[in-house]
Each structure stands twice: as C-alpha cells, then as structure tokens.
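> what follows is a predicted structure for the sequence shown.
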Amino acid sequence: MEILQHLSDGFLIALQPLNLGVIILGVMVGLFIGAMPGLGSVNGVAILLPMTFLVPPTAAVMFLAAIYYGAMYGGAISSIMLGIPGASTAVATTFDGRPLALKGEADKALTAAALASFFGGTLSILLFTGFAPVLASIALDFGDPEIFALMLLAFATFVGLSGDDIPKTIFSICIGLVFSAVGLDIMSGEPRLIFFDIIGFMHGINFLVLAIGIYGIGEMLWTIEITRGESSMSKAVITAERILINLKELLKTWKAAFLGSVLGFFVGILPAAGATPGSLMAYGVAKMTSKNPENFGKGEIAGVVAPEAANNAASTGSMLPMLTLGIPGSPTTAILLGGMVIWGLVPGPRMFIDETEFVWGLIASLYAANFFAVVINILFIPLFLWMLKMPFTVLAPMIFVLSLVGGYAPTQDMHDVWLMLIFGVGGYLLRKLDYPLAPAVLAIVLGPIAEPALRQSLLIANGDPTVFITRPIAGPITIVAIILILLPLLKLVRDKLRKKKSVPSS
Amino acid sequence: MRRAEIVTAVLMAAFSIYLMWKSAELPVGWIPDEGPGGGAFSFWLSAAMLVCCVWIAIKWVRRKSPPSQSDAPFMDSFARNKFVLVGGGVTAMIGLVHFVGMYGAIPAFLLYYLRVLGRHSWPTTLAIALGTPVVTFFFFDVALRIVLPKGYLEPLFYPLYDIFL
C-alpha cells in the first residue's frame, strides 16, 4: 500500500504542467531520434543532455528518460521501413519487420511494434515499481566493498556476455577508467595524469566529452561510411480499418509479447547488458517457442512483437540498478547517471529515502512516457515516415553542430571540445577494428565511484583483497563477477576438449 | 584491416606505457595508513591495457580476430574521401571557433556541409545555416546564460547583449 501512496504522489509531480510538457516533448524527440538510421537513445541522451540545463533537475531527468523510451519505440520505424536498424536495440526488429514491409504489410509491422513496445513498457514498469523499493532497502546496508563488487560485476558482464573480442573489451573498460582518473586525485588532492602539463586536464575529463565524442561525432562518421548515402523506403498504407484488422491478429501474439517483456526486463537489469542482447534473446525465444518457427525471418508478426516488447522492457529494467544501486544497466543509463550526478542527485539506495519525491516522480513519469509514446507513435506514423525522407546530409551537420555546442556547454572550455573531437575520431577508427566503445563510456562514469570504493575497502582491510570475497553480500557478487570474466575462457577450454574428442573418433 | 589491427595494437601499447609512466609520477604502491597511492589505480589499469594489447597482438599472429583475417582495406577510397571531407570540416569548424567564435564557425560549417557535400539548394542551405545560430543564441546565451565564445566577432554582439542579457 505504501508503494501505491508513493506512486500517486509521484503522479502528482509527473503531471505538473512543466513535467508533463517535457515528457511529451521528450517522447517526440526520442521517437524522431530512434527513427533516424544510426541514431539511438544513447546518442540522443548524450547529445541533448547539456540542453537540459534549462529546466530543473527533475524535469531534466524526466525529459531524458522520455527520450530513452521514445527512442525504443522509434527504433522500430527505420528497422521496418528502411531495413536499417534505427539503433542496435532494434536490430532484431529488422529480421521480420523488413520482410513484412517488403510484402506490403508495413502498417501491420509498425502497429505491432508500437503496441508490443507499449505492452513491454507497461509490464516492465509494473515489475520495476514492485522491485525497486525492495532492492533499494537491501542496498542501504552496502558499504564500499559491496559497491566495488557491483562495479566489478558491471564490467564482468561486458567481458562475459557481450560477445565482443575479449582483450578489446577489457582494453576499453581500462581506458575509460584511466580517463576517469585524470585530474585531481580526490584522496590526496594531488594533480595526476596532466598530459603534457595542459591546464585543461586539471578539471578532469568530463564523461560528456567522451560520450558526445563517441556517440555524436564518432557515430556520425561511422553512419556516413556504412550507409553510403543509400537507402530505399517501403510504402505504408495506413487506415483505421486496417489497424483494427491488424489488432485482431496481434492478440494472437500475446505469448511472444509476454515472454519478450519478462526476458527483456531481467536481461535489462543485468549491469551493462541493456536492450540489445535483451531483444535478440527475446527473438530467439519467440522463435523457439513458436508453433511455426519456419516462418521467422520471412515476415512473422511475432518476430516483430517479441524484440520490440523486450527492448522497451529492458530499457525500464536497466533503470532499476541505476536508481537503486547507482550502477547503470545500459550505456544510456550510464549517461543519465552522469547527468544526475551533475545535478547533485546521487543515484543509489539513499535516494529512495532522501529524494523520495524525485524518485517516485520519475517512476510515474515512465508510466506517462509509455502512454504518450504509444499514442504519438500510432497517430503520427505518417509524419515519422515523412521525416525519414530527410536527407542524411541535413541531419549529420546538425548533429555535428549540436555536439560542438553540447561539448562546450558543461565546462565552457574549448580544451574539452578539442578532446571531444579526438575521442570522436579515435572512437570511429577503433570501432572499425571491432573495439567496443560502450564499456569505455560506462567506465568513465563509474570510475569516480569505483576508485574511492576500492581504495577505502583496501584501507579498511589493511590491503587484504579478500575483503571482497569474505563479506556476506560482496562475496557472492564478486564470485559471480569472476565467473562471468572466466566464462569465455571456459567456453574456449570446452571447445578445445570437444575438438580433441572429435579428432580421434573421426 | 590486418595491418591496421597490428599498427593500432602497437600504438595503443605505446600509449599504455606512457600512461603507466605518467601515473608513476604519484606513488603507485602501498602507503602505510593511507592505502594505495594516488597513482596506483591508473597505473595498474594502464598495465592491464598493455597486457590487452599484447593479447591482441598474439591473436593477430595466430589470425584469431576478424580484422586480423580480413584482407579488405582499412578504409576504401569512399571511406577515406568522406573521412577527410567530413572530419576535416568538423576540425576546421572547431578551429574557427577560436577566431570568429561559434557564431562565425557554425554558419560557415553548415554552408560548407549543406551546399558542398550535400548539394542542397541555396534556399535550404541558407535557411538552415542562418537559422541554426539564431536558435543557438537564444537557447544558450539568452536562456541558459552560457555565453558561447564569439572570437573577433564579439563587438557585433554588444547591442544584442544590451537587449537580451
């Protein structure tokens, strides 16, 4: 009952005119960003974060969360219409969404994506509302060793589950953490890593400089190269009558939607996993449990429903560890977390006690964002289709300009703008060689929390690293993290053993 | 791709060593009653980066990673061309900020990108190139009170400051 009370208080905050306004605006911006090929929630949140200094912190976070939501809906639009995923989170949507569009049933795929997103979003927010206060109250007892163990888990998830090249993933994590250490050492107050004695490094490297560099400049360079300026759009016929017919067919896919939502939510909770693996897994499970798996990939509606329900559920899921533990569940929530720190809101269990109004206002805003996203999405499908025709040569320079002013605004130092350019170009070149970049962004946000936690823990334990294993809560978390790190190694050993076995038998 | 992979690994290894050396300006060992020294965190992480670079190099020798198996060029002529034109444009824009400020650099960049690279019509180009700085001015300088750099164009803005700030 207490939760309902909090939630209704939250709605009073979320429905205030300014907050409601930014939620609706955020959803529209998110839908647009998501629909644009190559741009996803993480790009939108990174590039637009500096713009939110205009409104109070609560409204700013609601705006960014609404962008996150809207982008998850919007990602499906370009996946279906152009066959280019609007963001990596919508990759699985192309598998069946594109074939449907080519068959002339684009409207069916678009409605299915919107409604599945709404279903996934709603179910996951209900789960979120139930889980968050419980998790936060457990996390209240966490000390430095537990916090560091959680960080370790977040990084281990990347190594164990991302499927990227392992040394490159670890490299990316480490470089992000090292960059977070630039500036003044918080414990001794001494300057460190001041490259070439350039004064600009004294104030450290702001996470936004790296995030905008990679997700603004780097992403644009990447998209310009891979799309080669070519894309062909399918036609969509949308009438109220057809929507009703589609709805009937959609009701049959409830199982895929339900499984996708639950799976997406729990994958989303895993630190660092986010919506991309969630939606891919949901697609796989939907195919596995379907009565006619052979239709998947040829335009099966359940193949659109499952990943779309999952990616929205995962985006809510990834907010759970961010708000309750202070560990982001996805690159987008990592940037959101960095932003909240700028505004003086420190995510973590204390927030449920110290900032009750803000937390519940934000949770209520998720319900509102979800509602507006589905309404705006379905009503304005023709508008989004028209916007998709916007040439990339107009969008790209605007993003570069936004990156320039966005990189300047937080610190008002041209040094940071140059650094952003270096990160953007460097990130683009590294990405061509399969270096994953999301771990570096997560690391630069978490670094300032991880380092003091590590040093304090070691100090308390007199330099004994077993402190992370012997404590009752930190222990299991650390062990899971170690298992995750070793997981790829175990797979390698297993494959080798199999090969050895198969050689003598053949 | 294959050559780019090893060149990058070597460069990154060198960068890791530089970071280790730079971190070592502060104590990297254990200080009694103070815990790990100020440079320890970044020192050992840079060491881990170095190990990763060696690991990447070993995978390169054994041709285990996709880029080390690929014979495709790191950048074909299309990619190189775009990279120089777009990347160069952005670099020039940031460089120009130091001289003519944001409000000189942004329209110049948009003019270049839209007209030269995008081949858009003059009306479209001019509308975007001149409209964007106006919106930016009211958003940042006026509403957020974040005064963007103006460079040598500063005097032109005095009347605007008088009206809006």
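Thanks, I have it.

> burial of the residue in chain B positioned nearest to chain A, as a residue count?
Nearest residue of chain B to chain A: B:Gly118, at 3.0 Å (Cβ to the nearest Cβ). (Glycine included, C-beta is placed from N, CA and C.) Counted by other Cβ atoms under 10 Å in any protein chain shown, the residues lying close to B:Gly118 total 20.

> B:Trp122 too?
There are 9 residues near B:Trp122, going by other Cβ under 10 Å.

> what's the answer for A:Leu251, then?
A:Leu251: 9 neighbours (other Cβ under 10 Å).

> do the same with the one 5 residues further on
When counting by other Cβ under 10 Å, one arrives at 28 neighbours for A:Ala256.

> show me the strands in the stretch 201-350 of chain A, by range?
Read by DSSP state E, counting those that start in this stretch, the stretch 201-350 of chain A holds no strands at all.

> and the residue of it found nearest chain B, what does it touch?
Distance from chain B to each residue of the stretch 201-350 of chain A (Cβ to the nearest Cβ) is smallest for A:Glu225, at 4.8 Å. For A:Glu225, the contact set (Cβ atoms under 8 Å, 6 or more residues apart in numbering or on different chains) comprises B:Phe78, B:Ala79, B:Lys82, B:Phe83.

> kindly report the same for A:Ile376.
Taking Cβ under 8 Å, 6+ apart as the test, what A:Ile376 contacts is A:Ile24, A:Val27, A:Met28, A:Leu31, A:Gly70.

> keep only those of those that are in helices.
A:Ile24, A:Val27, A:Met28, A:Leu31, A:Gly70 (DSSP state H).

> for these, give me a markdown table that also has neighbour count, distance to A:Leu442 and pLDDT.
Converted to a markdown table, the ones in helices among the contacts of A:Ile376 look like this (neighbours: other Cβ atoms under 10 Å in any protein chain shown; distance: Cβ to Cβ, whole Å; pLDDT from 0 to 100):
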| residue | neighbour count | distance to A:Leu442 | pLDDT |
| --- | --- | --- | --- |
| A:Ile24 | 19 | 30 | 93 |
| A:Val27 | 30 | 25 | 93 |
| A:Met28 | 21 | 28 | 92 |
| A:Leu31 | 30 | 25 | 90 |
| A:Gly70 | 32 | 22 | 91 |
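
> want to throw those residues into a markdown table with distance to A:Met340?
Converted to a markdown table, the ones in helices among the contacts of A:Ile376 look like this (distance: Cβ to Cβ, whole Å):
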| residue | distance to A:Met340 |
| --- | --- |
| A:Ile24 | 22 |
| A:Val27 | 20 |
| A:Met28 | 23 |
| A:Leu31 | 23 |
| A:Gly70 | 19 |
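
> not counting its neighbours along the chain, what's nearest the residue nearest the centre of chain B?
Note on chain B: the residue nearest the mean C-alpha position is B:Thr91, at 8.8 Å, using Cα atoms, centre = their mean. Among residues not flanking B:Thr91 along the chain, A:Leu421 sits closest, at 6.4 Å (Cβ to Cβ, 6 or more residues apart in numbering or on different chains).

> give me the element that neighbour is part of.
helix A:414-432 (DSSP states H and E).

> what's that helix packed up against?
Packing partners of helix A:414-432 (3 or more Cβ pairs under 8 Å, 6 or more residues apart in numbering or on different chains; DSSP states H and E): helix A:207-212, helix A:219-227, helix A:392-408, helix B:2-23, helix B:88-100.

> CA-only coordinates of the fourth one in PDB, if you can.
To tie it back to what came earlier, the one meant is helix B:2-23. Taking C-alpha atoms only, helix B:2-23 is exported to PDB below (Å, rounded to 0.1, in the frame of the first residue of the first chain):
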ATOM      1  CA  ARG B   2      45.200  -6.800 -41.000                       C
ATOM      2  CA  ARG B   3      47.900  -4.100 -41.000                       C
ATOM      3  CA  ALA B   4      45.700  -1.600 -39.200                       C
ATOM      4  CA  GLU B   5      45.000  -4.100 -36.500                       C
ATOM      5  CA  ILE B   6      48.600  -4.600 -35.500                       C
ATOM      6  CA  VAL B   7      49.500  -0.900 -36.000                       C
ATOM      7  CA  THR B   8      46.700   0.100 -33.600                       C
ATOM      8  CA  ALA B   9      47.700  -2.500 -31.100                       C
ATOM      9  CA  VAL B  10      51.300  -1.300 -31.100                       C
ATOM     10  CA  LEU B  11      50.200   2.400 -30.800                       C
ATOM     11  CA  MET B  12      47.800   1.600 -28.000                       C
ATOM     12  CA  ALA B  13      50.600  -0.400 -26.300                       C
ATOM     13  CA  ALA B  14      52.800   2.600 -26.500                       C
ATOM     14  CA  PHE B  15      50.000   4.800 -25.100                       C
ATOM     15  CA  SER B  16      49.600   2.300 -22.200                       C
ATOM     16  CA  ILE B  17      53.300   2.600 -21.400                       C
ATOM     17  CA  TYR B  18      53.000   6.400 -21.500                       C
ATOM     18  CA  LEU B  19      50.000   6.200 -19.100                       C
ATOM     19  CA  MET B  20      51.900   3.900 -16.800                       C
ATOM     20  CA  TRP B  21      54.900   6.300 -16.700                       C
ATOM     21  CA  LYS B  22      52.600   9.300 -16.200                       C
ATOM     22  CA  SER B  23      50.700   7.500 -13.400                       C
END
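
> strand partners (parallel or antiparallel) of whatever helix or strand comes next after that helix?
Downstream of helix B:2-23, the first helix or strand assigned by DSSP H and E is strand B:30-31. Paired neighbours of strand B:30-31 in the sheet (DSSP bridges): strand B:35-36 (antiparallel).

> quick one: mean pLDDT for the partner strand?
Mean per-residue pLDDT for strand B:35-36: 81.

> contacts for the following helix or strand past that strand next, please.
With elements assigned by DSSP H and E, the helix or strand that comes after strand B:35-36 is helix B:40-61. Residues outside helix B:40-61 that contact it (Cβ under 8 Å, 6+ apart) are A:165-168, A:170-171, A:174-175, A:177-178, A:181, A:192-193, A:451, A:454-455, B:2, B:5-6, B:9-10, B:12-13, B:15-17, B:19-20, B:22-24, B:27-29, B:65, B:68.

> let me see the mean pLDDT of helix B:40-61.
Mean predicted confidence for helix B:40-61 is 92.

> stretch A:281-293 now?
For stretch A:281-293, the per-residue pLDDT averages 85.

> where's it relative to the chain centroid, distance-wise?
24 Å (Cα atoms, centre = their mean, to the nearest Å).

> using CSV, write down the CA coordinates of it.
Backbone C-alpha positions of stretch A:281-293 (Å, rounded to 0.1, in the frame of the first residue of the first chain) are rendered in CSV as follows:
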residue,chain,number,x,y,z
MET,A,281,17.3,-13.2,-26.9
ALA,A,282,13.6,-12.5,-27.0
TYR,A,283,13.6,-13.0,-30.7
GLY,A,284,15.4,-16.3,-30.2
VAL,A,285,13.0,-17.5,-27.5
ALA,A,286,9.9,-16.4,-29.5
LYS,A,287,11.2,-18.5,-32.5
MET,A,288,11.9,-21.5,-30.2
THR,A,289,8.5,-21.5,-28.6
SER,A,290,6.5,-20.7,-31.7
LYS,A,291,4.3,-23.3,-33.4
ASN,A,292,5.7,-22.3,-36.8
PRO,A,293,9.3,-21.3,-36.3
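
> for that stretch, buried residues please.
Residues of stretch A:281-293 classed as buried: A:Met281, A:Ala282, A:Tyr283, A:Val285, A:Ala286, A:Lys287, A:Ser290 (neighbour count, 16 or more other Cβ atoms under 10 Å in any protein chain shown).
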